[in-house]
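Engineer: Structure of the sequence below:
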Amino acid sequence: MSAEVNGVMLQGFHWFLKPNFPNSNGRSLWKFLKDEAEHFRNIGIDAVWIPPAYKAAFNRSNSVGYDVYDHFDLGEFTLPGEFDGRTKYGNKQELLEAVEALHGNGTNKRVQVYADVVLNHKVGGAEDGYWQAIRVDKENRNSEHWGDGFETGLIEIRTYTKFQHQERRGAYSTFEWSAKHFDSVDTAAKIRQNGLEFNDPQDKYIYRFIYNEEGYRPQQKQGFESWVSLEKGNYDYLTGCDFDYGRYDVREEMKYWGAWLANELKLDGVRLDAVKHISADYIQEWLGYVRWKTGKNLFAVAEYIAGDTNPLHNYIARVTTYGDYPQPVCLFDFPLRFKFGTASRLGEAYDLKDLNSGTLMAEQSALAVTFVENHDYEYGRAYESHVEEWFKPLAYAFILLRKNGYPCVFFPDYYGSLDWDEPERRWHRAQKPGRDYLNLLLKLRKQFALGEERYYSDKNVAGWIRMGFVSGAKGAMAVVINNSYGTVKSIRMNTGRFSKRFYHLATIKLTNEGFLVVRNRYDLYGDKAEGLWTDSNGWGDFLADGSTAAIWIEDGVGLTD
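Structural biologist: Residues are numbered from 1 along each chain as shown. Presented below is the predicted three-dimensional model:
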């Protein structure tokens, strides 16, 4: 995690990022991040998580990057059919310049850089030779189709598992991938059984490879990995050509790549993609190796998508405490994110008391990376997957002004986004920029969200006091979120300030014109619009309008711009 007090991460991309994204003025993402580096320093961003920076398999000019074709090509090599070697985000030189700008010149604050690391699969290979496999049910990976008869028994398949990367001419790595290096695929170019050939019944099966090449020991592959999610019986296979980490050469190649990437980009950390589909033991091995080879205690946050905390705790325990070389790792707090989504859809029917329990933030806060939205769940990725816009100021107040967790701000929540209208593929509705209210919350995090926290909640209103009384804290702050419709509500909280006036700093809400930050008198608060007083024991009734987040600051101190 960033060494900065109250560190904040920015996810520096999103799924529907267009070449002409807001504020881009025609710049590639790498050039944009380079130019924004000083702005990030000024507003309180301490780390930027960058997207997969390596060559994708499909629609390379517009791929987000998770369909990895070549891990070693950072927009440097030109493949057949390409105009140049750049990825969607720019070329390698632009990437290196962006990292250098974020890191600074040694006299200004270093903004850390976390790279998105995809260790699960490769996609887009050439057709390979026949390899023996067995059909596996997609929804029950423990059900394999052995025996005799149609669509049962051992088969041979030709599939797209050949990756020779001749365009690199051996630069950085001479490793050539073929079917033997993978444990499973879900697409077959040809299927052969008992001397007959037939077509792949598409989207019906996963094909698990049975054997390694002749002379390799062990001859038989280990099957799907252990210490992966048990959804679908065993959730090792996700997509593309799935790496076989039962093989020593595959383990070593991907460890070598990780150290190469970290050194090439001078990384400060990594975001580990899709870890529920990769053995937790290999993630531990990979992190230990890369940290050792780079000589850095790289920050690591893993994406383990789960709606409850039990699998997250189990995963953390396996990676951070098991074996001879346990490795520290944080996890994204998906249980909290899913609560935000539900709360935004249910409105005032949602009980806000539920927000502060059953989350990683509440149960293992030192390892929780909290977030409101990300590229997998933003508007347009799936039906009702996103957090609705009206609730985002409440959710961001919850993660940025609380004591627990390492918060992550989502790129389009700050900069906004543009419509993406491709009905046959995906559709994204333009999102309004939240930079004004997020700038305010970021400043408050650095100046007031310090010291002890006292938390209170009711069905439709929740609030907390940040007590201050520590180095760097300007004073006490009260924060209130209210999910009711158009109704001012209050919550009684103890501030530790006796007979003290608190003034209304801001109320944040969504309007038809965009997000509004009311920094002056808020007339709906009546006589308390001029300020409210705590009693002789420090208690006060703090207000927020319906569907807003409100901030109150103790008298005599102010926010420094």
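Engineer: can I assume Ile43 is in contact with Leu441?
Structural biologist: No - with contact defined as CB atoms under 8 Å, Ile43 does not reach Leu441; the gap is 10.0 Å. All C-beta atoms are positioned from the backbone trio N, CA, C, and that covers glycine.
Engineer: who's more crowded, these two?
Structural biologist: Leu441 (26 against 19; other CB atoms under 10 Å).
Engineer: Checking Ile316 next. Helix, strand or coil?
Structural biologist: Following DSSP: H, G, I helix; E, B strand; the rest coil, Ile316 is assigned to helix.
Engineer: Glu285 too?
Structural biologist: From three-state DSSP, the assignment for Glu285 is helix.
Engineer: Based on its surroundings, how many neighbours for it?
Structural biologist: 19.
Engineer: Would you check that my belief about it contacting Arg251 is correct?
Structural biologist: Yes - in this structure, Glu285 is within contact of Arg251 by CB under 8 Å, at 6.9 Å.
Engineer: which residues pair with the nearest residue to Gly223 once chain neighbours are set aside across the strands?
Structural biologist: By the measure of CB to CB, 6 or more residues apart in numbering, the closest residue to Gly223 outside its immediate chain neighbours is Arg208, 6.9 Å from it. Going by DSSP bridges, Arg208 is paired in beta bridges with Ile134, Ser184.
Engineer: Can you name the residues that contact Arg208?
Structural biologist: 133-134, 136, 144, 183-184, 221, 223-224, 237 (CB atoms under 8 Å, 6 or more residues apart in numbering).
Engineer: same question, Thr294
Structural biologist: Here Thr294 is in contact with 259, 262-263, 267 (CB under 8 Å, 6+ apart).
Engineer: measure it to Asp281 for me?
Structural biologist: 21 Å (CB to CB, to the nearest Å).
Engineer: what is the residue nearest to Arg192 when sequence neighbours are not counted paired to in the beta sheet?
Structural biologist: Nearest non-adjacent residue to Arg192, counting by CB to CB, 6+ apart: Glu156, 4.5 Å away. In this entry, Glu156 is beta-bridged to Gln132, Arg192, by DSSP bridges.
Engineer: any idea how far Phe209 is from Glu156?
Structural biologist: 10 Å.
Engineer: what does Met493 give?
Structural biologist: Using CB to CB, which is the criterion applied here, Met493 is 60 Å from Phe209.
Engineer: and the residue lying closest to Ala57 once chain neighbours are set aside, how many neighbours does it have?
Structural biologist: Spatially, and ignoring its direct neighbours in sequence, Ala57 is nearest to Gly124 (2.7 Å; CB to CB, 6+ apart). Using other CB under 10 Å, Gly124 has 19 neighbouring residues.
Engineer: quick one: contacts for Gly124?
Structural biologist: 56-58, 67, 69, 160.
Engineer: so how far is Phe72 from Met254?
Structural biologist: 11 Å.
Engineer: whoops, Asn199 was the one
Structural biologist: Distance from Asn199 to Phe72, by CB to CB: 34 Å.
Engineer: Between the two, which has more neighbouring residues?
Structural biologist: Phe72 (19 against 9).
Engineer: The more buried one belongs to a strand, doesn't it?
Structural biologist: No - using three-state DSSP, the secondary structure at Phe72 is coil, not a strand.
Engineer: Please name the nearest non-neighbouring residue to it.
Structural biologist: That would be Tyr172: by CB to CB, 6+ apart, it lies 4.4 Å from Phe72.
Engineer: so that neighbour touches Trp260, yeah?
Structural biologist: Yes - counting by CB under 8 Å, Tyr172 sits close enough to Trp260 to count as a contact (6.3 Å).
Engineer: what sits in contact with each of these two?
Structural biologist: Joint contacts of Tyr172 and Trp260 (CB under 8 Å, 6+ apart) are Phe72.
Engineer: what about stretch 398-411, start to end distance?
Structural biologist: 18 Å (CA to CA, to the nearest Å).
Engineer: All the strands of the stretch 51-200 of the chain, residue numbers only.
Structural biologist: 55-56, 68-70, 112-117, 121-122, 131-137, 155-158, 182-185, 190-193, 196-198 (DSSP state E, counting those that start in this stretch).
Engineer: And the average pLDDT for the third one is what?
Structural biologist: What it means is strand 112-117. The average pLDDT within strand 112-117 is 98.
Engineer: and if you look at the second one?
Structural biologist: Averaged across strand 68-70, pLDDT comes to 97.
Engineer: ok, Thr187 - how many residues close by?
Structural biologist: With other CB under 10 Å as criterion, Thr187 counts 17.
Engineer: do the same with Glu252
Structural biologist: 12.
Engineer: if I look at it, how far off is Trp464?
Structural biologist: The value you get for Glu252 to Trp464, if CB to CB is used, is 48 Å.
Engineer: And for Gly288?
Structural biologist: For Gly288, the distance to Trp464 - CB to CB - is 38 Å.
Engineer: Could you do Ser499 as well?
Structural biologist: 21 Å.
Engineer: neighbour-wise, which of those two wins?
Structural biologist: Trp464 (25 against 10).
Engineer: pLDDT at the more buried one, what is it?
Structural biologist: The predicted local confidence for Trp464 is 98.
Engineer: can you check Phe150 too?
Structural biologist: 74.
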